[in-house]
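>>> Starting from these lines, generate the structure:
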Amino acid sequence: MAGNTGQLQPREQLMQYGAASLSNEQLAIVILRSGNRHLSVGEVARKLLAHYPDFRDLEQASLTQLETLAGIGPVKAIEIQAICELSHRLQTQRTLRFGVVASSQMVGRRMIETLAGETQEQLLAVFLDVKNQIIQMKQIYIGTLNSSVAHPREVFKLAVRYSAAKFILVHNHPSGQLTPSTQDIAFTKRIVACGELMGIACLDHLIIGSQQYLSLREEGYLVE
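Next up is the predicted model:
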(Lines give C-alpha, C1' and ligand atoms only; values in the text may rest on other atoms or scores of the structure.)
Protein backbone atom coordinates (compact mmCIF):
# COMPACT_ATOMS: atom_id res chain seq x y z
CA MET A 1 0.00 0.00 0.00
CA ALA A 2 1.39 3.40 -0.93
CA GLY A 3 2.01 5.97 1.77
CA ASN A 4 1.73 5.88 5.55
CA THR A 5 -1.84 5.41 6.77
CA GLY A 6 -1.00 4.88 10.44
CA GLN A 7 -1.69 8.46 11.53
CA LEU A 8 -4.79 9.04 9.41
CA GLN A 9 -8.34 8.87 10.70
CA PRO A 10 -10.47 6.23 8.90
CA ARG A 11 -12.38 8.81 6.83
CA GLU A 12 -9.16 10.57 5.82
CA GLN A 13 -7.55 7.25 4.94
CA LEU A 14 -10.56 6.28 2.81
CA MET A 15 -10.40 9.59 0.94
CA GLN A 16 -6.68 9.25 0.29
CA TYR A 17 -6.24 5.53 -0.31
CA GLY A 18 -9.73 4.16 -0.96
CA ALA A 19 -12.15 1.99 1.05
CA ALA A 20 -10.15 -1.18 0.34
CA SER A 21 -7.30 0.18 2.49
CA LEU A 22 -9.45 0.14 5.64
CA SER A 23 -9.62 -2.68 8.14
CA ASN A 24 -12.98 -4.08 9.21
CA GLU A 25 -12.83 -1.99 12.38
CA GLN A 26 -12.05 1.18 10.39
CA LEU A 27 -14.91 0.51 8.00
CA ALA A 28 -17.24 0.07 10.97
CA ILE A 29 -16.03 3.38 12.42
CA VAL A 30 -16.81 5.16 9.15
CA ILE A 31 -20.27 3.60 9.01
CA LEU A 32 -21.14 4.23 12.67
CA ARG A 33 -19.77 7.82 12.56
CA SER A 34 -20.02 8.44 16.32
CA GLY A 35 -20.20 6.80 19.70
CA ASN A 36 -22.20 7.94 22.71
CA ARG A 37 -21.57 9.51 26.12
CA HIS A 38 -20.01 6.32 27.44
CA LEU A 39 -18.26 4.77 24.44
CA SER A 40 -16.12 6.15 21.64
CA VAL A 41 -17.01 5.21 18.08
CA GLY A 42 -13.96 2.93 18.02
CA GLU A 43 -15.20 1.06 21.09
CA VAL A 44 -18.67 0.67 19.58
CA ALA A 45 -17.12 -0.65 16.35
CA ARG A 46 -15.02 -3.19 18.23
CA LYS A 47 -18.02 -4.38 20.25
CA LEU A 48 -20.09 -4.76 17.07
CA LEU A 49 -17.39 -6.81 15.32
CA ALA A 50 -16.73 -8.89 18.43
CA HIS A 51 -20.42 -9.78 18.63
CA TYR A 52 -20.69 -10.45 14.88
CA PRO A 53 -17.29 -11.73 13.70
CA ASP A 54 -19.10 -13.55 10.88
CA PHE A 55 -20.66 -10.94 8.60
CA ARG A 56 -23.34 -13.43 7.55
CA ASP A 57 -24.65 -13.32 11.12
CA LEU A 58 -24.59 -9.52 11.05
CA GLU A 59 -26.60 -9.58 7.82
CA GLN A 60 -29.27 -11.73 9.48
CA ALA A 61 -29.43 -9.69 12.71
CA SER A 62 -32.75 -8.02 13.45
CA LEU A 63 -33.12 -4.38 14.47
CA THR A 64 -33.93 -5.50 18.01
CA GLN A 65 -30.79 -7.64 18.19
CA LEU A 66 -28.60 -4.81 16.92
CA GLU A 67 -30.09 -2.35 19.40
CA THR A 68 -29.09 -4.58 22.34
CA LEU A 69 -25.44 -3.74 21.63
CA ALA A 70 -23.95 -0.86 23.59
CA GLY A 71 -23.75 2.28 21.47
CA ILE A 72 -26.15 1.01 18.79
CA GLY A 73 -29.44 2.89 18.82
CA PRO A 74 -32.41 2.66 16.43
CA VAL A 75 -30.86 4.95 13.80
CA LYS A 76 -27.54 3.10 13.69
CA ALA A 77 -29.33 -0.27 13.65
CA ILE A 78 -31.41 0.83 10.64
CA GLU A 79 -28.31 2.11 8.83
CA ILE A 80 -26.43 -1.14 9.47
CA GLN A 81 -29.33 -3.18 8.08
CA ALA A 82 -29.56 -0.94 5.03
CA ILE A 83 -25.82 -1.29 4.34
CA CYS A 84 -26.00 -5.08 4.76
CA GLU A 85 -28.91 -5.30 2.33
CA LEU A 86 -27.14 -3.10 -0.21
CA SER A 87 -24.05 -5.30 0.07
CA HIS A 88 -26.20 -8.39 -0.42
CA ARG A 89 -27.81 -6.95 -3.55
CA LEU A 90 -24.47 -5.90 -4.99
CA GLN A 91 -23.12 -9.41 -4.45
CA THR A 92 -26.18 -10.93 -6.09
CA GLN A 93 -25.79 -8.72 -9.15
CA ARG A 94 -22.06 -9.39 -9.30
CA THR A 95 -22.66 -13.13 -9.21
CA LEU A 96 -24.83 -13.23 -12.31
CA ARG A 97 -24.24 -9.96 -14.12
CA PHE A 98 -23.49 -10.04 -17.85
CA GLY A 99 -22.72 -13.75 -17.95
CA VAL A 100 -24.03 -16.22 -20.49
CA VAL A 101 -26.43 -18.84 -19.15
CA ALA A 102 -25.55 -22.21 -20.60
CA SER A 103 -28.03 -24.16 -18.46
CA SER A 104 -30.44 -23.98 -15.55
CA GLN A 105 -27.82 -25.86 -13.55
CA MET A 106 -25.44 -22.93 -13.89
CA VAL A 107 -28.01 -20.52 -12.44
CA GLY A 108 -29.06 -23.02 -9.76
CA ARG A 109 -25.53 -23.54 -8.46
CA ARG A 110 -24.87 -19.82 -8.28
CA MET A 111 -28.17 -19.01 -6.60
CA ILE A 112 -27.70 -21.57 -3.82
CA GLU A 113 -25.06 -19.34 -2.26
CA THR A 114 -27.13 -16.21 -2.84
CA LEU A 115 -30.45 -17.42 -1.39
CA ALA A 116 -29.70 -20.35 0.89
CA GLY A 117 -29.35 -18.22 4.04
CA GLU A 118 -32.51 -16.18 3.52
CA THR A 119 -35.25 -16.50 6.13
CA GLN A 120 -38.07 -15.35 3.82
CA GLU A 121 -39.17 -16.72 0.49
CA GLN A 122 -38.05 -14.55 -2.40
CA LEU A 123 -39.00 -14.71 -6.07
CA LEU A 124 -36.44 -13.46 -8.57
CA ALA A 125 -36.24 -13.43 -12.35
CA VAL A 126 -33.06 -13.70 -14.42
CA PHE A 127 -33.79 -11.94 -17.71
CA LEU A 128 -31.94 -13.08 -20.83
CA ASP A 129 -31.51 -11.89 -24.40
CA VAL A 130 -31.79 -14.09 -27.51
CA LYS A 131 -28.20 -15.31 -26.99
CA ASN A 132 -28.87 -16.28 -23.36
CA GLN A 133 -26.77 -13.40 -22.07
CA ILE A 134 -27.95 -12.07 -18.73
CA ILE A 135 -29.53 -8.66 -19.07
CA GLN A 136 -30.63 -8.19 -15.49
CA MET A 137 -31.72 -10.04 -12.38
CA LYS A 138 -34.54 -8.56 -10.33
CA GLN A 139 -36.36 -9.42 -7.13
CA ILE A 140 -40.05 -9.71 -7.99
CA TYR A 141 -41.66 -10.56 -4.67
CA ILE A 142 -41.00 -11.54 -1.06
CA GLY A 143 -43.36 -14.09 0.48
CA THR A 144 -45.20 -17.29 -0.40
CA LEU A 145 -46.09 -17.66 -4.07
CA ASN A 146 -49.82 -17.03 -3.84
CA SER A 147 -51.18 -16.13 -7.27
CA SER A 148 -53.46 -13.51 -5.74
CA VAL A 149 -50.38 -11.59 -4.55
CA ALA A 150 -47.47 -12.57 -6.80
CA HIS A 151 -48.86 -11.78 -10.26
CA PRO A 152 -47.33 -12.60 -13.67
CA ARG A 153 -47.71 -8.98 -14.74
CA GLU A 154 -44.86 -8.01 -12.42
CA VAL A 155 -42.56 -10.46 -14.20
CA PHE A 156 -43.58 -9.49 -17.72
CA LYS A 157 -43.57 -5.75 -17.00
CA LEU A 158 -39.86 -6.07 -16.24
CA ALA A 159 -39.27 -8.46 -19.14
CA VAL A 160 -40.68 -5.88 -21.54
CA ARG A 161 -38.71 -3.07 -19.87
CA TYR A 162 -35.45 -4.96 -20.37
CA SER A 163 -36.40 -6.24 -23.86
CA ALA A 164 -35.84 -9.78 -22.62
CA ALA A 165 -36.39 -12.71 -24.96
CA LYS A 166 -36.62 -15.25 -22.14
CA PHE A 167 -36.14 -15.59 -18.41
CA ILE A 168 -35.60 -18.04 -15.58
CA LEU A 169 -37.58 -17.77 -12.35
CA VAL A 170 -35.81 -18.50 -9.07
CA HIS A 171 -37.22 -18.71 -5.59
CA ASN A 172 -36.03 -20.16 -2.31
CA HIS A 173 -37.56 -22.39 0.32
CA PRO A 174 -36.09 -21.25 3.67
CA SER A 175 -37.02 -24.64 5.14
CA GLY A 176 -34.47 -26.22 2.81
CA GLN A 177 -37.10 -28.56 1.34
CA LEU A 178 -37.14 -28.66 -2.45
CA THR A 179 -40.60 -30.12 -3.05
CA PRO A 180 -42.69 -27.55 -4.97
CA SER A 181 -45.93 -26.52 -3.32
CA THR A 182 -49.29 -26.48 -5.07
CA GLN A 183 -48.95 -22.70 -5.27
CA ASP A 184 -45.47 -22.99 -6.79
CA ILE A 185 -46.74 -25.26 -9.55
CA ALA A 186 -49.87 -23.23 -10.27
CA PHE A 187 -47.90 -19.97 -10.42
CA THR A 188 -45.30 -21.51 -12.73
CA LYS A 189 -47.91 -22.87 -15.14
CA ARG A 190 -49.59 -19.49 -15.22
CA ILE A 191 -46.27 -17.79 -16.00
CA VAL A 192 -45.52 -20.25 -18.79
CA ALA A 193 -48.94 -19.71 -20.35
CA CYS A 194 -48.53 -15.93 -20.20
CA GLY A 195 -45.07 -16.23 -21.71
CA GLU A 196 -46.45 -18.14 -24.67
CA LEU A 197 -48.93 -15.32 -25.31
CA MET A 198 -46.28 -12.62 -24.86
CA GLY A 199 -43.57 -14.37 -26.87
CA ILE A 200 -41.21 -14.22 -23.88
CA ALA A 201 -40.33 -17.74 -22.81
CA CYS A 202 -40.04 -18.92 -19.23
CA LEU A 203 -37.14 -21.37 -19.58
CA ASP A 204 -37.32 -22.77 -16.06
CA HIS A 205 -38.34 -22.17 -12.48
CA LEU A 206 -35.71 -23.14 -9.91
CA ILE A 207 -36.43 -23.81 -6.25
CA ILE A 208 -33.41 -23.19 -4.04
CA GLY A 209 -32.94 -25.17 -0.84
CA SER A 210 -30.10 -25.09 1.67
CA GLN A 211 -27.53 -26.93 -0.42
CA GLN A 212 -29.45 -28.05 -3.52
CA TYR A 213 -31.90 -26.78 -6.09
CA LEU A 214 -34.78 -28.29 -8.04
CA SER A 215 -35.67 -27.53 -11.66
CA LEU A 216 -39.40 -27.56 -12.37
CA ARG A 217 -38.63 -28.12 -16.05
CA GLU A 218 -36.60 -31.22 -15.29
CA GLU A 219 -39.40 -32.42 -13.03
CA GLY A 220 -41.88 -32.10 -15.90
CA TYR A 221 -43.91 -29.13 -14.66
CA LEU A 222 -43.02 -26.92 -17.64
CA VAL A 223 -44.48 -28.32 -20.83
CA GLU A 224 -42.70 -27.56 -24.09
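>>> use CA for all of it now, contacts and neighbours both
Fine.
>>> and the longest helix along the chain, average pLDDT?
Longest helix in the chain by number of residues (criterion: DSSP state H): helix 74-96. Rounded to a whole number, the mean pLDDT of helix 74-96 is 81.
>>> What are the contacting residues of that helix?
With contact meaning C-alpha atoms under 8 Å, 6 or more residues apart in numbering, helix 74-96 is reached by 31-32, 58-59, 61-63, 66-67, 107, 110, 114, 134, 136-137.
>>> go with 6 Å
For helix 74-96, the surrounding residues in contact (C-alpha atoms under 6 Å, 6 or more residues apart in numbering) are 59, 63, 66.
>>> Of the residues you listed, which is the nearest to I207?
Taking C-alpha to C-alpha as the measure, I207 sits nearest to E59 out of the contacts of helix 74-96, at 22.3 Å.
>>> For the closest one, the count of nearby residues, please.
Here the neighbour count serves as a burial measure; for E59 (other C-alpha atoms under 10 Å) it reads 19.
>>> Can you check my assumption that it lies in a helix?
Yes - applying DSSP: H, G, I helix; E, B strand; the rest coil, one finds E59 inside a helix.
>>> so what's L206 up against?
170, 214-215.
>>> same thing but 10 Å
Under the criterion of C-alpha atoms under 10 Å, 6 or more residues apart in numbering, the neighbours of L206 are 104-105, 107-108, 111, 123-124, 168-172, 178, 180, 213-218.
>>> So which of those belong to strands?
Of the contacts of L206, the ones assigned to strands by DSSP state E are 123-124, 168-172, 213-215.
>>> who wins for neighbours among those?
Highest neighbour count within the ones in strands among the contacts of L206: N172, with 29 neighbours (other C-alpha under 10 Å).
>>> Provide the partner residues of it in its beta bridges.
Partner residues in beta bridges with N172: I208, with DSSP bridges as the criterion.
>>> surely it meets Q139?
No - no contact is recorded between N172 and Q139 when judged using C-alpha atoms under 10 Å, the distance being 11.8 Å.
>>> Strands of the protein, start to end?
Listed from the start of the chain, the chain has strands (DSSP E) covering 122-128, 134-142, 166-172, 201-208, 213-215.
>>> mean pLDDT for these: which is lowest?
By mean pLDDT, the lowest-scoring of the strands of the chain turns out to be strand 134-142, with a mean of 86.
>>> Quick check: buried residues in it?
By neighbour count, and taking 16 or more other C-alpha atoms under 10 Å as the criterion, the buried residues in strand 134-142 are 134-138, 140-141.
>>> Wait, R217 touches Q105, no?
No - counting by C-alpha under 10 Å, R217 sits too far from Q105 to count as a contact (11.3 Å).
>>> between N172 and Q139, what contacts are shared?
With C-alpha under 10 Å, 6+ apart applied, the overlap between the contact sets of N172 and Q139 consists of 122-124.
>>> now, among the residues you listed, which is nearest to C202?
Taking C-alpha to C-alpha as the measure, C202 lies nearest L124 of the shared contacts of N172 and Q139, at 12.5 Å.
>>> Isn't I112 up against G209?
Yes - taking C-alpha under 10 Å as the contact criterion, I112 and G209 are neighbours in contact, 7.0 Å apart.
>>> Can you pull the residues that touch both of those two?
Both I112 and G209 are in contact with N172, where contact means C-alpha under 10 Å, 6+ apart.
>>> Among those two, which residue is more densely surrounded?
The neighbour count for I112 versus G209, taken as other C-alpha under 10 Å, is higher for G209 (25 against 18).
>>> Any stretches of this protein with poor pLDDT?
Where the chain drops to pLDDT under 70, the residues are 1-6, 91-102, 116, 144-150, 223-224.
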